[in-house]
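1. Quick one, structure for this:
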Amino acid sequence: MPALAAAVEPAAWWYWPLMLFFAAFVLGVVAVPSGVGGGVLFVPMVGAFFPFHLDFVRATGLLVAMAGALAAGPQLLRAGYADLRLALPPALIASITAVAGALAGFSLPPKLVEIGLGVTILAIAALMALSKRAEVPEVAQADRWALALGLGGTFVDAVNGRRIDWRVHRTVPGLALFAVIGFLAGMFGLGAGWANVPVLNLLMGLPLKVALGTSGFIISVSSSAAWVYLHEGAMIPLIVAPAVIGMMLGALLGARLLSVLPASTLRTLVIVMLFIAGGRMLLKGIAD
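-> Numbering: from 1, shown residues only. You can find the predicted model right below:
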């Protein structure tokens, strides 16, 4: 396994871990209400602007995504913004393909991984900028697979007090897409909130806030690829500890913001951050 790149001076060993803690905290606050997940912000931002090898960043990114999802999960469940029954089928599929993606990522040269990550992040940012989200999509009738799995429910929007019944359709195409999402998440250590939410909201018909909340539970299970990185020795406590603690604390605050802010408030900020980090990562891969 590669060593840490451009290691800091011995007298200042605490500097980068401290900066990493504050960066992860801010990313955690933004990630939950925007629905992109912590990993998709953490990996490109830290990989582009911190002096750590990308393998360590990808490994930490999966743990960061899982930690943020687990920290926000109980509060989202109590508020009715997450549905455990709905999260389990896609989470199981994504967790299997995520392991395959992680194994594929380790078989590629670091330069190709950096270029692939940069392209993927820029594509995600473009998809977020161009796609439209429906606060409450119209689903006339649940499909037979959704009925068989018991997918459906009710939640109360805390912003306006409106009670909303929701159903699921296009279940099979949605689950197929989660296999692809899991593979990319495992390969680049991104988590999967960036893709979970559009699939749940636009394809399967969930209200946006239910899609945001349920996405967190899918991430917490589909981050199983972290075991591959652990086996390869790509997890360093000096990186993992401040990142995970910062992300969990930030996610707790972010979960509260989801109840009081419109779902799209932080979306523009996230898109700008992804364009900057993705562009820098792509240039870094080309220059190496």
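2. list the helices and strands the longest helix seen in the chain packs on?
-> Counting residues, the longest helix found in the chain (DSSP state H) is helix 54-79. Helix 54-79 sits against helix 15-34, helix 38-49, helix 84-106, helix 110-130, helix 171-188, helix 208-222, helix 226-231, helix 237-260, with contacts defined as 3 or more C-beta pairs under 8 Å, 6 or more residues apart in numbering; DSSP states H and E. In this view, the C-beta of every residue, glycine as well, is placed from N, C-alpha and C.
3. The ones you listed into CSV, with extra columns for mean pLDDT?
-> Output for these, formatted as CSV (pLDDT from 0 to 100):
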stretch, mean pLDDT
helix 15-34, 84
helix 38-49, 79
helix 84-106, 87
helix 110-130, 80
helix 171-188, 89
helix 208-222, 77
helix 226-231, 82
helix 237-260, 82
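4. Which among those helices is found nearest to Met281?
-> Comparison of the helices and strands packed on helix 54-79 against Met281 by C-beta to C-beta identifies helix 110-130 as nearest, at 3.8 Å.
5. just so I know, which of the helices and strands packed on helix 54-79 lies nearest Leu147?
-> Leu147 sits nearest to helix 171-188 of all these, at 9.3 Å, using C-beta to C-beta.
6. by contact count, what packs against that closest one?
-> Applying 3+ C-beta pairs under 8 Å, 6+ apart, one finds that helix 171-188 contacts helix 54-79, helix 84-106, helix 110-130, helix 144-149, helix 193-198, helix 208-222.
7. What are the buried residues along it?
-> When neighbours are counted by 16 or more other C-beta atoms under 10 Å, the buried residues of helix 171-188 are found to be 171, 174-175, 177-178, 181-188.
8. As TSV, those residues with distance to Phe155 would be great.
-> Below are these laid out as TSV (distance: C-beta to C-beta, whole Å):
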residue	distance to Phe155
Thr171	19
Gly174	19
Leu175	22
Leu177	23
Phe178	22
Ile181	24
Gly182	26
Phe183	31
Leu184	29
Ala185	26
Gly186	30
Met187	33
Phe188	32
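9. isn't Val156 right up against Gly80?
-> Yes - counting by C-beta atoms under 8 Å, Gly80 is a contact partner of Val156 at 6.2 Å.
10. These two - which one has more neighbours?
-> Shown here are Val156 and Gly80; by other C-beta atoms under 10 Å, Gly80 has more neighbours (18 against 13).
11. Tell me who's in contact with the more buried one.
-> Gly153, Thr154, Phe155, Val156, Val210 (C-beta atoms under 8 Å, 6 or more residues apart in numbering).
12. again with Leu70
-> Leu70 sits in contact with Ser220, Met248, where contact means C-beta under 8 Å, 6+ apart.
13. And it, what's its pLDDT?
-> Looking at Leu70, its pLDDT stands at 73.
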